[in-house]
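*Asks:* 3D, please:
(chains A, B, C and D)
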2 protein chains.
Amino acid sequence: MSQPLNIDKLDLQIISEMSTDASISYAELGKKLFVSGGTIHVRIKKLHEMGVIKGTRLQVNLRAIGYDVLAFIGIYLEKSSLYENVAKQLLKIPQIVRLNYTTGSYSMFAEIICKDSGELRKILQDDLQHIKGIERTETIISLEESFSRPINVSEVV
Amino acid sequence: MSQPLNIDKLDLQIISEMSTDASISYAELGKKLFVSGGTIHVRIKKLHEMGVIKGTRLQVNLRAIGYDVLAFIGIYLEKSSLYENVAKQLLKIPQIVRLNYTTGSYSMFAEIICKDSGELRKILQDDLQHIKGIERTETIISLEESFSRPINVSEVV
DNA sequence: ATTGAAAGAGTCTCAGT
DNA sequence: ACTGAGACTCTTTCAAT
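*Replies:* Here you go, the predicted model:
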């Protein structure tokens, strides 16, 4: 596999380092990668402009702020062509944090974060049942997250 | 639902703002929330120490760095008690970026990011087949990510 | 494309409230 | 617990290479 864009080893090293900790300073990152802080700055600016880097997100302990339930919802559609409209409806439910159009066991696959199981049940029964195009859903509840990590990009070089 | 810890409205507002953009400055965030930058600083430090905030992660356009395939793998275990060992084995596969212990259609649920479908096939055939305790797997390939966003925390207040 | 230095902006601490 | 000010560090720009 070749990189489709002008991304070199240094870019990937920057992405790799910041994937696990985006708050590292340019100065420190430069020291780590044996270039100046100015170079790091230029590269990150370029990667932003190219759309390779989309931004930074806070990693939050969801349980600590009262969100106890993480679940996945496999969605079967009546017709694949209803995908766009169903996606639009699911976007309106703030607890649904991620949606993929999939092939395999399901037509669509969603991730949902709720305060408790009651909230999840309410969304499954009240909201999802009324979305035109959804045939049926299967709910997969996470009892424990074993791990969650960024892709290890270093080997690409 | 009550917050189990000492987290007030300001804390949640900070988390909410930084969930979508963790790179906002304390000064700007303070202006937005009508407190001083120093207060923002103290709060974020507290949230870190409490383990509410776990860190920041770069959001990367995976296709741009040569990762074309995102898939989910539903895993059926021979016995639930094999969970710990299977998790340990899956952790060794760098392309698997997330693993949950689940109830519902599967015993475990993984997320995997590969450079191409060949790499995915190789992992499914060579690596997963040889892990003791896995009965069978079901692969769900993402054709498109409709959306991915942080949980909307503001309403918790 | 990278560097080093200067200017500007932000962080972090702390005394005062 | 919050503020504002001072010391310090980091970002950002730019002339030179």
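*Asks:* C-alpha from now on. contacts and neighbour counts both.
*Replies:* Noted.
*Asks:* And the average pLDDT for stretch A:97-112 is what?
*Replies:* In this model, stretch A:97-112 has an average pLDDT of 97.
*Asks:* so A:Lys32 is in which element?
*Replies:* In this structure, A:Lys32 sits in helix A:26-33 according to DSSP states H and E.
*Asks:* Other residues contacting that helix?
*Replies:* For helix A:26-33, contacts defined as Cα atoms under 8 Å, 6 or more residues apart in numbering or on different chains pick out A:10, A:13-14, A:17, A:36-41.
*Asks:* Go again with 7 Å.
*Replies:* A:36-37, A:40-41 (Cα atoms under 7 Å, 6 or more residues apart in numbering or on different chains).
*Asks:* That helix vs DNA strand D: in contact?
*Replies:* Yes. Contact of helix A:26-33 with DNA strand D (Cα under 7 Å from any atom of the strand) involves A:26-28.
*Asks:* Quick one: residues contacting the residue at minimal distance from the centre of chain A.
*Replies:* For chain A, A:Arg98 is the residue whose C-alpha lies nearest the centre (Cα atoms, centre = their mean; 6.7 Å). A:Arg98 makes contacts with A:110-111, B:147-149, as judged by Cα under 7 Å, 6+ apart.
*Asks:* Double-check that it belongs to a strand.
*Replies:* Yes. A:Arg98 sits within a strand when classified using DSSP: H, G, I helix; E, B strand; the rest coil.
*Asks:* For burial, what's the neighbour tally of the residue nearest to it when sequence neighbours are not counted?
*Replies:* Once flanking residues are discounted, A:Arg98 sits nearest to B:Ser148: 4.3 Å by Cα to Cα, 6 or more residues apart in numbering or on different chains. By the criterion of other Cα atoms under 10 Å in any protein chain shown, B:Ser148 has 14 neighbours.
*Asks:* ok, now A:Arg136?
*Replies:* A total of 13 residues lie near A:Arg136 under the criterion other Cα under 10 Å.
*Asks:* Surely it is in contact with A:Tyr76?
*Replies:* Yes. Here A:Arg136 reaches A:Tyr76: they are 5.4 Å apart, a contact under Cα atoms under 7 Å.
*Asks:* Run through the neighbouring helices and strands of the longest strand along chain A.
*Replies:* Longest strand of chain A, by residue count under DSSP state E: strand A:134-148. Judged by 3 or more Cα pairs under 7 Å, 6 or more residues apart in numbering or on different chains; DSSP states H and E, strand A:134-148 is in contact with strand A:69-77, strand B:96-103.
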